[in-house]
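J.: here is the input, now give the coordinates:
(one chain, ligands or ions: 1)
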Amino acid sequence: MSAPTPATIWHGDGREQALQTHILTHPNAATHLRNNPQAILAEIDTWAAANDHCMMTIGPDCSRPVLELMQTSQPQIMAELGGYVGYSAILFGDELRRAGGRRYYSLEASAEYAAVARSLVDLAGLGDFVEILVGEAADSLVELEGRLEHKQPGPIDLLLLDHDGCQYLPDFLTVERLGLLAVGSTVVADNAWLFGAEAYAEWMATPGEPEVQGRRVKYESRTLPYLLPDGQQDAMMISTKVL
Ligand SMILES: C[S@@+](CC[C@H](N)C(=O)[O-])C[C@H]1O[C@@H](n2cnc3c(N)ncnc32)[C@H](O)[C@@H]1O
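T.: Alright, predicted model coming up:
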């Protein structure tokens with residue numbers, strides 16, 4: 001009988017702090033890496049591959065459809081639920097700033113991961129553009145709504161769900177109840193077929209116009225299937241609010 005294949009370890013074994021130390025003490029940290037988001041992202045990918053780590057970062061392949069979406073929809077304000085070590089915040093925050101966007105909000109539950117993210121975002125020169133909110137997304141969303149309330153209704157143009165699949169649906173509904181999305185806003189859910197996100201994917205795919213907070217809402221969705229590094233079939237779901 002062969003030994004069972006060990007489960008993939010995705011995070012939390014010290015790799016995040018090891019990555020932070022690697023980047024911040026890199027011989028080129030003060031020269032090539034400082035204020036160079038693309039070089040920092042490349043260094044994260046290189047370090048992960050060299051150390052045989054499956055990182056939870058969105059990575060170059062899965063980020064491509066989001067970057068394409070940003071080019072076509074030209075968001076002003078973006079928010080992500082699940083910031084981890086700051087990879088997606090650096091990648092999309094850099095793109096958003098270069099395209100003339102206003103602000104990128106990164107919501108992260110873990111104070112440890114958020115501290116790593118903050119140091120890398122600062123090194124990338126994005127510290128005054130990317131804001132990291134530490135705490136459960138459901139709480140940070142309420143705080144965010146208070147901060148954005150003077151802006152137009154539905155202030156988030158592009159929302160990225162990349163935190164805990166079981167929380168995708170309840171936290172998305174919180175976003176809807178708080179009125180943070182307008183007609184034309186887009187929600188991108190990574191890992192939409194796994195890790196408990198199935199309820200969210202089903203809600204988005206169900207025809208009709210469900211009521212949220214007494215308002216009828218409707219989204220049009222498309223899914224982009226892909227394989228995870230460990231071979232599991234997953235998909236990204238891109239949904240645009242049409243009502
Ligand atoms: C897949 S990682 C995010 C990866 C990141 N978007 C990137 O591409 O670099 C998921 C992150 O969500 C965080 N998380 C899990 N549940 C959360 C919650 N309820 N609120 C906020 N963050 C949460 C985890 O701590 C983890 O850092």
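
J.: residue closest to the middle of this structure?
T.: Note on the chain: the residue nearest the mean C-alpha position is residue 80, at 4.2 Å, using CA atoms, centre = their mean.

J.: sec struct for that residue, please.
T.: In three-state terms, and counting by DSSP: H, G, I helix; E, B strand; the rest coil, residue 80 is strand.

J.: quick check: closest non-adjacent residue to it.
T.: residue 160 (3.9 Å; CB to CB, 6 or more residues apart in numbering). No exception for glycine: its C-beta is placed from N, CA and C like everyone else's.

J.: just give me the neighbour total for the one you found.
T.: 27 (other CB atoms under 10 Å).

J.: how about residue 216?
T.: 10.

J.: just give the closest residue to it, not the sequence neighbours.
T.: Residue 216 sits nearest to residue 209 (CB to CB, 6+ apart), 4.3 Å away.

J.: show me what contacts that neighbour?
T.: 216-218, 243 (CB atoms under 8 Å, 6 or more residues apart in numbering).

J.: who wins on neighbours among the residues you listed?
T.: Ranking those using other CB under 10 Å puts residue 217 first, with 17 neighbours.

J.: that one: what's it in contact with?
T.: Residue 217 touches 176, 209-211, 241, 243, counting by CB under 8 Å, 6+ apart.

J.: do you know how far residue 181 is from residue 174?
T.: 11 Å (CB to CB, to the nearest Å).

J.: again with residue 50
T.: For residue 50 relative to residue 174 (CB to CB), the value is 39 Å.

J.: ok, residue 122 next?
T.: 29 Å.

J.: now residue 25
T.: Taken as CB to CB, the span from residue 25 to residue 174 is 39 Å.

J.: more neighbours: these two, which one.
T.: Taking other CB under 10 Å, residue 25 and residue 174 do not tie; residue 174 has more neighbours (19 against 8).

J.: does the more buried one count as helix, strand or coil?
T.: Looking at residue 174 with three-state DSSP, the answer is helix.

J.: contacting residues for it?
T.: 138, 141-142.

J.: by neighbour count, which of those residues wins?
T.: residue 141 (25 neighbours).

J.: pLDDT score assigned to the residue nearest to it when sequence neighbours are not counted?
T.: Of all residues not flanking residue 141 in the chain, residue 174 sits nearest, at 5.4 Å (CB to CB, 6+ apart). Residue 174 is assigned a pLDDT of 98 by the prediction.
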